[in-house]
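Novice: Sequence first, then the predicted structure:
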Amino acid sequence: MRKSLASASLLALLSAGGAFAQECADPVEITWSTIAGFYTDAMANFVKSFEDDNCAKVTVVNIDNSQLYNKQVIEMVGQTGAYDVVTLETAEKAEFAENGFILPMTDFFADKQELLNDVSPTLRAMTVEYKGDVWGLPYYTYTAGMFIRQDLIDDAGEQAAFKAKYGYDLADPTTWEQHRDIAEFFTRKAGETLKGEVLTKDFYGVGLMAGPFPEIQDELSAPLWGMGSDWLTAEGTVPVDDVEKVLGEYVEELKFAPPAALTVTYDGVMNQMKDCQIAMTHGFFLDQWPNAVKTEDNCPGAKVAAIEAPGKKAYVGGFLLAVSSSSAQPDMAMKFVAHIGGYEIQKQFAELGGASTLTSVLTDPAFATSERRATNGQYATLNMIFDSMSGFSSNLFKTPFGAKIYNTMQIPLQAAAAGQITVREAAEQLAADVAKICGGPCPIAN
Amino acid sequence: MSAAPESAGLAGSPPPGKSGMSDRWFSILLIAPAMLITLIFAILPLIQALDVTFRMGDLSRGKIGDYVGLTNYRIVFADNQFWQAGWVTLKFTVVAVGLEMILGVAIAFLLHGATFAKGITRSLLILPLATSAAVTGLFWRYLYDTQFGVLNWVLGLLGLPEPNWLGDYTIALWSVVLFDIWQWTPFVALIALAGLQALPKEPFEAAELDGASKWRVLTTLTFPLLKPVLFLVLVLRTIDCVRLYDAVAVLTRGGPGTATETMTFYLYRTGLKLFRMDYASTMAVFFLYVMLVAAVFALTPLLKQFTDRAKEA
């Protein structure tokens, strides 16, 4: 009897398995084009659960970040259907939406408002919304604050020396003038002292991303937005005087940065910090916290902090997952977007050290413990930044030419940083380039 | 007996064979596949590119638009960045090719006269050529790194100034040139060496018997006989340098600013970052035109020389 029961149970189990196999014999195939690297690798681990739950087969196409935009545009223009889910930088959203490359997901999220509302309003406004529609979900954020060597700021000897030189207390900078003073103050030659210790190599006040990459404009967004300006005015033109001012201040700060500033991007600055070469960053991507905090292991006595950028404004970045209009499986693709951007996956992503986009995860007390500091120590600052920037939006993200402008603007900015042209010439060239791209003043969506 | 008609058939006017096909048509048939491939993959895209130069072509707007006459040509020719990229390309080509030719030929002469380690040196020379510029460029980027690079480390040990190889706009282009020289001088050397080894011995023996000096032998025999080979290498290297992209993309991305932005890189940026296929096609067509004119001038004497030799043979 027991034997026959066991046989029956086994048969039932096999039948159930067979039924599932039959049910999922023909999985719906979708393709996700995304950035090669840690964040995608981490996310790729979560694809399996989606495949199992939805009888889907997800192919993840890893593309180098520098080529992702070009590759996606080509596939979108050709309506090839090669990618069902695409990954967009903040500045690219309007172009893809305006040109019909991606599908609005407003209706899809109509009964999922809770999930949508869980994305910080600041992040949502910048990365998800355009012309009243919702275009997907961001899956991680590289919103900027700044990293600083808190041990240097808190050192009594350095504080006294700073006050003697500048006439005010050494503290985390709240203005860009203070940022400049601190950068200057901590720039020392080998043989001088830092925190009473003799330096064996040159030490610099600030690490800057002035290499030939788009990150220089991310850095400059912080002081530009902080002074109440923007890359594009409401009329769709570049405010030349404002750009000249912030770029001029930035170029001044280059004197206090390692010479490599003119060739590096964010990873180079992180290497400088971990190599005990710099005291702080400019506006910098806080998703790099797990990297920055390693400075404490490499530099004796170092204590790193993630703080808001001076002026409480900085680049708000998040990679948006959106559904291609040429997708043959738009319903499954939308489900996938909600899955990756949803609470369960975002929480698991956070546990791996990823910078989640959901407020519920960023404010989860489980991630605010000292044990989690090495992986999630920037969350509190991220929340502060989102609060500080509440209601803020940049015209750069509201013009359908945003992606092209974003992909071009580093050239004049970096030319000025390298001394190839003057700051004024760079600001004017940027204005001319933008006018050429837009064919006149750029259209700005309300 | 049967050989005579066949010879006549090959050399003289083509009587139709048993199949009824003349030699002329048979020749056409033989080259037809190659011509078809050229037509599909070279001529048709070129015609399309030419067509786009007269149209509005913002690809990110979804399609190639209406005809706009010569507007794209006017815009491109008035574009300072286009001419600046041309100037950068010219500087790069002249310096890189010039130095590669001098160094390559010098190395070839040294190797030609070498009595030992010739084989292994030749093998080592192939190494830089065997890897793509994208890979070796990455390697050189680390060599050039101001913080962790070997070059500046060595210079520092010697107490010499440590330049910002890729970040200083006054020297960044020459850093790319240096990389190109490292990669391509062996190519010149190996071809020149092959040319040297293929030279006929008799004229040199006669010159030696006549008591000609080494310099006279070099200027009146070696170089004139080597000229077709060197000229071919010169043309190949020039074409390669003019369309330089990969080394720039890996080492500098055209920066700092636009200091190392070559014509091809600017074309790429216009076409695949801004998606202005109209401007990019116009630049490409203009670029092709310049190259064709230059190639005709450069290759005519060489082709004439080859034709004359063939006739003599």
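Specialist: Ah, there it is.

Novice: what's the residue in chain A that chain B sits nearest to in contact with, if anything?
Specialist: Here the residue of chain A nearest chain B is A:Ala415; by C-beta to the nearest C-beta that distance is 2.6 Å. No exception for glycine: its C-beta is placed from N, CA and C like everyone else's. A:Ala415 makes contact with A:Ile421, A:Ala426, A:Gln429, B:Tyr169, B:Gly255, B:Pro256, B:Gly257, B:Thr258, B:Ala259, according to C-beta atoms under 8 Å, 6 or more residues apart in numbering or on different chains.

Novice: The same query, at a cut-off of 7 Å, please.
Specialist: For A:Ala415, the contacting residues are A:Ile421, A:Ala426, B:Pro256, B:Gly257, B:Thr258, by C-beta atoms under 7 Å, 6 or more residues apart in numbering or on different chains.

Novice: Enumerate the residues of chain A near chain B.
Specialist: Contacts of chain A with chain B, taken as C-beta under 7 Å from any C-beta of the partner chain, map to A:70, A:73, A:77, A:95, A:99, A:212, A:258-260, A:262-263, A:272, A:404, A:407-408, A:411, A:414-415, A:418-421, A:437.

Novice: So which of the residues you listed are in helices?
Specialist: Of the residues of chain A next to chain B, the ones assigned to helices by DSSP state H are A:Asn70, A:Val73, A:Val77, A:Glu95, A:Gln272, A:Lys404, A:Asn407, A:Thr408, A:Ile411, A:Gln414, A:Ala415, A:Ile437.

Novice: Tally up the residues packed near the nearest residue to A:Glu129 once chain neighbours are set aside, please.
Specialist: Nearest residue to A:Glu129 in three dimensions, chain neighbours excluded: A:Trp135, at 7.4 Å (C-beta to C-beta, 6 or more residues apart in numbering or on different chains). Here the number of neighbours of A:Trp135 (other C-beta atoms under 10 Å in any protein chain shown) works out to 24.

Novice: Below-threshold pLDDT in the stretch 1-150 of chain B: ranges please.
Specialist: Judged by pLDDT under 70, the stretch 1-150 of chain B has its weakly predicted residues at B:1-19.

Novice: Might you enumerate the residues of it proximal to chain A?
Specialist: Counting by C-beta under 7 Å from any C-beta, the residues of the stretch 1-150 of chain B close to chain A are B:Leu59, B:Ser60, B:Arg61, B:Gly62, B:Asp145, B:Thr146, B:Gln147.

Novice: From those residues, list the buried ones, please.
Specialist: Buried by 16 or more other C-beta atoms under 10 Å in any protein chain shown: B:Leu59, B:Ser60, B:Asp145, B:Thr146, B:Gln147, out of those.

Novice: got the contact list for stretch B:290-307?
Specialist: Residues outside stretch B:290-307 that contact it (C-beta under 7 Å, 6+ apart): B:Pro228, B:Phe231, B:Leu232, B:Val235, B:Val242.

Novice: Tell me how many other residues surround A:Thr200.
Specialist: Using other C-beta under 10 Å, A:Thr200 has 9 other residues around it.

Novice: thinking again about what came up before, can you tell me which of the contacts of A:Ala415 end up in helices?
Specialist: Judged by DSSP H, the subset of those located in helices is A:Ala426.

Novice: Give me the most central residue, the chain.
Specialist: If you meant another chain, say so; for now it's chain A. For chain A, the residue nearest the mean C-alpha position is A:Tyr142 (2.0 Å; C-alpha atoms, centre = their mean).

Novice: my bad, the chain I had in mind was chain B
Specialist: B:Asp240 (2.5 Å).

Novice: that older thread, got the contacts of stretch B:290-307 as TSV, with secondary structure columns?
Specialist: Shown next, in TSV, are those (DSSP: H, G, I helix; E, B strand; the rest coil):
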residue	secondary structure
B:Pro228	helix
B:Phe231	helix
B:Leu232	helix
B:Val235	helix
B:Val242	helix
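
Novice: Buried among those? Need that as a selection in ChimeraX.
Specialist: Listed next is the ChimeraX selection for buried residues among those, using 16+ other C-beta under 10 Å:
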select /B:235,242
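
Novice: which one among the contacts of stretch B:290-307 gets closest to A:Phe392?
Specialist: B:Val242 (47.5 Å; C-beta to C-beta).

Novice: Confirm for me that the closest one is in contact with B:Val88.
Specialist: No. B:Val242 is not in contact with B:Val88 according to C-beta atoms under 7 Å; the separation is 11.2 Å.

Novice: what's near enough to touch the residue of chain B found nearest chain A?
Specialist: In chain B, the residue that lies nearest chain A is B:Gly257 (2.6 Å; C-beta to the nearest C-beta). Applying C-beta under 7 Å, 6+ apart, we find B:Gly257 in contact with A:Ile411, A:Gln414, A:Ala415, A:Ala418, A:Gln420, A:Ile421, B:Tyr169.

Novice: how many other residues sit next to residue 157?
Specialist: Since no chain was named, I'll use chain A. The number of residues packed around A:Gly157, counting by other C-beta under 10 Å, is 11.

Novice: Chain B, not that one
Specialist: Neighbourhood size, B:Leu157 [other C-beta under 10 Å]: 8.

Novice: for A:Gly78, same thing?
Specialist: Residues near A:Gly78, counting by other C-beta under 10 Å, number 12.

Novice: before we move on, the earlier item: isn't the residue nearest to the centre of chain A right up against A:Trp289?
Specialist: No. Applying C-beta under 7 Å as the test, A:Tyr142 and A:Trp289 come out as separate, 10.7 Å apart.

Novice: now B:Val88: how far from B:Val95?
Specialist: To B:Val95, B:Val88 is 11 Å away according to C-beta to C-beta, to the nearest Å.

Novice: again with B:Arg141
Specialist: The spacing between B:Arg141 and B:Val95, counted by C-beta to C-beta, is 20 Å.

Novice: repeat for A:Thr59
Specialist: Distance from A:Thr59 to B:Val95, by C-beta to C-beta: 46 Å.

Novice: I am finished for the moment; much appreciated.
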